[in-house]
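Generate coordinates for the sequence data below:
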Amino acid sequence: SFDPDNKELNAISIPRDTYIHRKGYDLAEQRKINAIYESHGANGVKETISYIFKGVTIDHHIIVDYEGVEKIVDSIGGVEVIVPFHMKYDDPSANPPLHIDLKPGRQVLYGKEALQFLRYRKGYIDGDLGRIKAQQEFFKAFAKKAMSYRLPVVIKNIYQYVETDISLFEALYYGTKALDIDVENIKFTTLPGKAEFRRYNGKLLSYFIFNPTEAEKLLMDIYNVKKTPK
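Numbers count the residues shown, from 1 in each chain. Below you'll find the predicted structure:
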């Protein structure tokens, strides 16, 4: 979410294994939020996120594919991050085949390497939550780099690489409003909850069980909302 008046941007990461049960979708693998897009599209994902956050409206969506990530990162001259450990992984059966080989340390990642960094899943002490933290650091570094350019120009250049219901005019308006945002006002958090194994239809899978009470509290903290007594 972006507050153009207070110059604040807040992002909440939702783990891909977040447990969501939809009527008629009873298989173990269908009970994860990352299964919703295939059957219900972007609008279904937005409705689900709205449900998780107590009815808060999700106004827009932005979808970026692998090629889009590469081109967007290259368009700003790469992103500097700290690769926490040697990220090495091969999956020839992936489409396209996945090959990751990133040495540890601070470095500038360009398109293909940036995509490898974002897709890497193994080796994090806290599993997928560790991956989310790494992704958040990447996105914050990306935002900082993009802010060092003329942001409306960056938006105009990358708009062709995303699928969104935000018009180019709206995107440029938001970019103009964000021109002087302080990087410290770009904040990332993660949906509160915990990992848990559950068995459905004979299949045991790991899920992320979100905490509705803490999710509501997170929103109230972000938007400085005071809960009124009943």
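
the helices in the protein, which residues?
For the chain, the helices defined by DSSP state H occupy 36-52, 66-75, 111-119, 128-147, 151-158, 168-177, 212-222.

Identify all contacting residues around the first one.
Residues outside helix 36-52 that contact it (CB atoms under 8 Å, 6 or more residues apart in numbering): 14, 18, 20, 22, 25, 33, 56-58, 61, 63, 165, 191, 210, 212, 215. Every residue, glycine included, has its C-beta placed from N, CA and C.

for it, what is the average pLDDT?
Averaged over helix 36-52, pLDDT sits at 96.

between that helix and helix 212-222, how many degrees?
Angle of helix 36-52 versus helix 212-222, following axes from the mean of the first three to the mean of the last three CA atoms, to 10 degrees, is 70 degrees.

Now helix 36-52: buried residues?
Using 16 or more other CB atoms under 10 Å as the test for burial, helix 36-52 gives 36, 42, 45-46, 48-49, 52.

what residues are up against the closest residue to Phe2 other than its chain neighbours?
Among residues not flanking Phe2 along the chain, Leu9 sits closest, at 5.0 Å (CB to CB, 6 or more residues apart in numbering). Leu9 makes contact with 1-3, 143, 178, 181, 185-187 under the criterion CB under 8 Å, 6+ apart.

Please check the residues you listed and keep the buried ones.
Buried among the contacts of Leu9 by 16+ other CB under 10 Å: 143, 178, 181, 186.

can you redo the buried residues of helix 36-52 as TSV with distance to Tyr120?
Converted to TSV, these look like this (distance: CB to CB, whole Å):
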residue	distance to Tyr120
Ile36	24
Ala42	25
Val45	23
Lys46	27
Thr48	26
Ile49	25
Ile52	26
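
ok, which pair from those is furthest apart?
Ala42 and Ile52 (15.6 Å; CB to CB).

thinking again about what came up before, among the contacts of Leu9, which are in strands?
2-3, 186-187 (DSSP state E).

still on that earlier bit, looking at the buried ones among the contacts of Leu9, spot the one nearest Glu70.
Among the buried ones among the contacts of Leu9, Ala143 lies closest to Glu70 (CB to CB), at 17.9 Å.

I figured the closest one hits Lys187, correct?
No. Applying CB atoms under 8 Å, one finds Ala143 not in contact with Lys187, separated by 10.8 Å.
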